[in-house]
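S.K.: What follows is a predicted structure for the sequence shown.
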Amino acid sequence: MLNIGMRYWEAVAVVFSILYTWLLADGNMWCWWFAIGASIIYIALTIRVGIFAESFLHFVYLIMAIYGLNRSREWEESGISESFGWPIHLLAVGMGGLTTFIFGRLLTTFKSAKATYLDSFTTVFSLWATWLMVNFYAENWLYWIVIDAASSVLYFRQRLFLSSILFLAYMLMALRGWILWTTG
C-alpha cells in the first residue's frame with residue numbers, strides 16, 4: 001500500500017511523464033529532462049509495489065533519456081529515421097514474445113513479484129519501443145499504443161491508479177505522436 005507521500009510522488013511522475021510524451025511528439029527536446037525526472041521517481045515507486053521488471057525498465061528509461069538528451073541536436077538536424085520495414089518488426093515481436101515468456105517465468109521465482117508475465121511483456125516491448133523512439137523511428141508510436149494498454153492494466157492491478165490513467169492517456173498521445181510523425 002502506498003502512503004500519502006508516495007501518492008504525491010506518483011502524481012509528480014505522472015505530470016512529468018505527460019509533459020515528456022507531449023513534448024517528444026512535438027519534437028521539443030526539453031522532453032528529455034521530464035523523462036529523467038519521471039524515471040527516477042518511478043524507479044522508487046515500482047520497487048515499493050513489487051513490479052521489479054518495471055523498476056529495471058525505468059532505470060533503462062533513465063539511461064535512454066540521457067542518451068536522447070545527448071542525441072537532441074542530431075534529431076533536430078536529421079529528423080525522423082527511415083522505417084525498418086515489417087519483416088524486422090515481425091522478428092522483433094517474435095523475439096519479444098519469447099523473451100517475455102523467459103523473463104515472466106524467471107520472475108515467478110520471486111515471492112514478492114506481481115503480475116510476472118504482464119510485467120515482463122511491458123518491460124520487454126518497452127525496451128524495443130524506447131530504442132526505436134530515441135533513434136527517431138516513427139513506428140515506436142504503434143508499439144506504445146499496445147504497451148500502454150497493457151501497462152494501464154498492470155498499474156491498475158497494483159493500485160497505482162494515477163499511473164493507470166496515465167497509460168490510458170499515453171495511448172492517446174501515442175496515436176497523436178504517430179499522426180504527427182507520419183504526416184510531417
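M.R.: Received the coordinates, thanks. Residues are numbered from 1 along each chain as shown.
S.K.: Centre of the chain to the helix or strand hosting Val93, how far?
M.R.: Assigning secondary structure by DSSP states H and E places Val93 in helix 86-107. Relative to the centre of its chain, helix 86-107 is centred 16 Å away, using Cα atoms, centre = their mean, to the nearest Å.
S.K.: Next, the buried residues of that helix.
M.R.: By 16 or more other Cβ atoms under 10 Å, the buried positions in helix 86-107 come out as 89, 92, 96, 99-100, 103-104, 107. C-beta coordinates here come from the backbone N, C-alpha and C atoms, glycine included.
S.K.: And that helix, what does it pack against?
M.R.: In terms of contacts (3 or more Cβ pairs under 8 Å, 6 or more residues apart in numbering; DSSP states H and E), helix 86-107 is packed against helix 52-78, helix 116-134.
S.K.: Any chance you could list what contacts that helix?
M.R.: Taking Cβ atoms under 8 Å, 6 or more residues apart in numbering as the criterion, the residues outside helix 86-107 that touch it are 52-53, 113, 116-117, 119-121, 123-125, 128, 139.
S.K.: how big is the angle separating that helix from helix 52-78?
M.R.: Between helix 86-107 and helix 52-78, the angle formed by their directions is 150 degrees, by axes from the mean of the first three to the mean of the last three Cα atoms, to 10 degrees.
S.K.: okay, the angle between helix 86-107 and helix 116-134?
M.R.: Using the same axes, to 10 degrees, the inter-axis angle of helix 86-107 relative to helix 116-134 is 140 degrees.
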